[in-house]
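Novice: below is the sequence, then the predicted model.
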Amino acid sequence: MIDIENLSKEVAPLIDKEIEKVLPKNGMKNLNDAVWYHMETGGKKLRPLLAILTCEALGGSRDKILPFAASCELLHNWFLVHDDIEDGDKVRRNKPSVWVEYGLAHGTNVGDYMAHKVFELILTSKERDLEDKKIMSLLDAMVQTALSTAEGQTMDINLRGNNSPTEKDYLDMIIGKTAHYLTVPMIGAAVVADNEDLIPNLIEFGKNLGPAFQITDDILDLTEGKGRNEIGRDIKEGKRSILVVHCLKKCSNEEKAKLLHILNKSPEETTDGDVAYAKDLFYKHGSVDYARQMAEEFTSKAKHIADIFPQGLREILYFFADYIIQRRK
C-alpha cells in the first residue's frame, strides 16, 4: 500500500528544489515571490508522484524523471493561478489567491511566467544526460497537454451559458480540461523509462482517470469544499457540473427554471439560500448518487485498462484510481 502522505512529504522538497533551479525564491519582486506564495499553499504533489512512481515501476531513473515531474507540478499550478482569475476565485487552499494578494495584473503575469518555466524545466533534463530525442518527446507531450487543457477550459467557460447541457458536453469538457494533464506524468515516465509502446494504453487509462477525478471534484465542492472556505462555489460560478446536467434532466419545469436562474447569476449575486436550494435539488433528484456511480464506473474502466500493464505499474495505477475517488479534498 502506498502511503501518499509520507511519500508526498518525501518528494515535495525534491520537486521544489528542481523548480527553484529555474525559479529562485529571491528573484524579481511581485514575480518569483508570487509564484512561491502560490506554490507554498500546499497540495499533495499527485502529478509528480505519478510521474516518479510510474517511471520507477518501468525501470527508469528517479534522477532523470525529476525535472519532468517538477514541470508537471508547475504546469498544474500555472493552470490554478489562471483558473482563479477566470473564475473570480478569491481563495485558493484557504489563502488569498495570487491575483487577490498581488493584484490582477501581477496575477496574470505570474501565470504567464510559470507557463514558460514549465518548458525551461524540461530542458534542464539535458543536465541529467537525457537524450535530445527524449527531451523533444517530453516537450511535445507537454505542449499537447497545455493546448488540450486550454481548449477544455474554453469548453468549461462556454458551457456556463448553456441552459441545455448534455452529458457529452460535460465529458468532452472534462476530458480536455482534466484528463490530459493527469495523463502527461505517465507519458513522460514512459518516455524516460524507454517504454513508449505503453503510451497509447496510458492515454486510455488517463481518459478514464480524468473524468473520475473531475466528477469527484464536483461532489467535493458540494460536500467538503475545495480549499475555498465555502461549500458550493461551483454553483456560484454557474458551472455545468455533472450534478447540474443530471438534475436538469430530472427536475420539474419550475425547478429547472429556478436552478438555471441561480446558475446564471453572478457569483456576487448568488446567495447562500440559492446554494442551499440547488444542493437540496441535487439530493432530491439523486444527482449526487448518480455522480458517485459515474465516478466509480470510470474508475473501474481505468482499472480494467491498467490490467494489461506489468504488475508493479498496475498496482500503482490501481492505487491512484482508488485514491482519486476516495479523497476528501
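Specialist: Yep, it's here.

Novice: where do the strands sit along the stretch 101-250 of the chain?
Specialist: Under the criterion DSSP state E, counting those that start in this stretch, the stretch 101-250 of the chain contains no strands.

Novice: spit out the contact partners of residue 192.
Specialist: For residue 192, the residues meeting the contact criterion (CB atoms under 8 Å, 6 or more residues apart in numbering) are 55, 60-61, 64-65, 68, 130, 134, 138. In this view, the C-beta of every residue, glycine as well, is placed from N, C-alpha and C.

Novice: from residue 142, how far out is it?
Specialist: Here the distance between residue 192 and residue 142 works out to 13 Å (CB to CB, to the nearest Å).

Novice: would you list the phi and psi of residue 91?
Specialist: phi -130, psi 140 (degrees, to the nearest 10).

Novice: I figured it was touching residue 99, is that so?
Specialist: No. Here residue 91 lies out of contact with residue 99, judged by CB atoms under 8 Å, at a distance of 11.2 Å.

Novice: so for the two, which sits in the more crowded spot?
Specialist: The neighbour count for residue 91 versus residue 99, taken as other CB atoms under 10 Å, is higher for residue 99 (25 against 18).

Novice: so what secondary structure elements neighbour whichever strand or helix holds that one?
Specialist: Using DSSP states H and E, residue 99 sits within helix 98-102. The contact analysis (3 or more CB pairs under 8 Å, 6 or more residues apart in numbering; DSSP states H and E) places helix 98-102 against helix 32-39, helix 62-87, helix 104-123.

Novice: residues of that helix that come out buried?
Specialist: When neighbours are counted by 16 or more other CB atoms under 10 Å, the buried residues of helix 98-102 are found to be 98-100, 102.

Novice: between the residues you listed, which is closest to residue 197?
Specialist: Closest to residue 197 out of those is residue 98 (40.2 Å), distances taken as CB to CB.

Novice: show me what contacts that closest one?
Specialist: If a contact means CB under 8 Å, 6+ apart, then residue 98 has 34, 37-38, 81, 84, 92, 106-107, 110-111 as its contacts.

Novice: try residue 7
Specialist: By CB under 8 Å, 6+ apart, the contact list for residue 7 reads residue 49.

Novice: roughly how far apart are it and residue 296?
Specialist: Taking CB to CB as the criterion, residue 7 is separated from residue 296 by 25 Å.

Novice: where along the stretch 151-300 of the chain do the helices fall?
Specialist: Defined through DSSP state H, counting those that start in this stretch, the helices belonging to the stretch 151-300 of the chain, from first to last, are 167-174, 180-192, 199-223, 233-236, 242-250, 253-263, 272-284, 287-306.

Novice: okay if I get the ones you listed as TSV plus mean pLDDT and distance to residue 319?
Specialist: What follows is these, written out as TSV (pLDDT from 0 to 100; distance: least, CB to CB, whole Å):
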stretch	mean pLDDT	distance to residue 319
helix 167-174	96	22
helix 180-192	96	13
helix 199-223	95	12
helix 233-236	94	27
helix 242-250	97	24
helix 253-263	97	36
helix 272-284	97	30
helix 287-306	97	10
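
Novice: buried deepest among these, which one?
Specialist: Per-residue neighbour counts averaged over each of the helices of the stretch 151-300 of the chain give the maximum for helix 180-192, namely a mean of 27 (mean count of other CB atoms under 10 Å).

Novice: that one to helix 199-223, inter-axis angle?
Specialist: Going by axes from the mean of the first three to the mean of the last three CA atoms, to 10 degrees, helix 180-192 is angled at 150 degrees with respect to helix 199-223.

Novice: can you dump the C-alpha atoms of helix 180-192 in PDB for me?
Specialist: Taking only C-alpha atoms (Å, rounded to 0.1, in the frame of the first residue of the first chain), the coordinates of helix 180-192 have been written out as PDB:
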ATOM      1  CA  HIS A 180      -4.700  15.300 -20.300                       C
ATOM      2  CA  TYR A 181      -2.700  16.800 -17.500                       C
ATOM      3  CA  LEU A 182      -3.400  13.800 -15.300                       C
ATOM      4  CA  THR A 183      -2.100  11.600 -18.100                       C
ATOM      5  CA  VAL A 184       1.100  13.500 -19.100                       C
ATOM      6  CA  PRO A 185       3.100  12.500 -16.000                       C
ATOM      7  CA  MET A 186       2.700   8.900 -17.100                       C
ATOM      8  CA  ILE A 187       3.500   9.600 -20.700                       C
ATOM      9  CA  GLY A 188       6.700  11.400 -19.600                       C
ATOM     10  CA  ALA A 189       7.600   8.500 -17.300                       C
ATOM     11  CA  ALA A 190       7.200   6.000 -20.200                       C
ATOM     12  CA  VAL A 191       9.500   8.200 -22.400                       C
ATOM     13  CA  VAL A 192      12.200   8.400 -19.800                       C
END
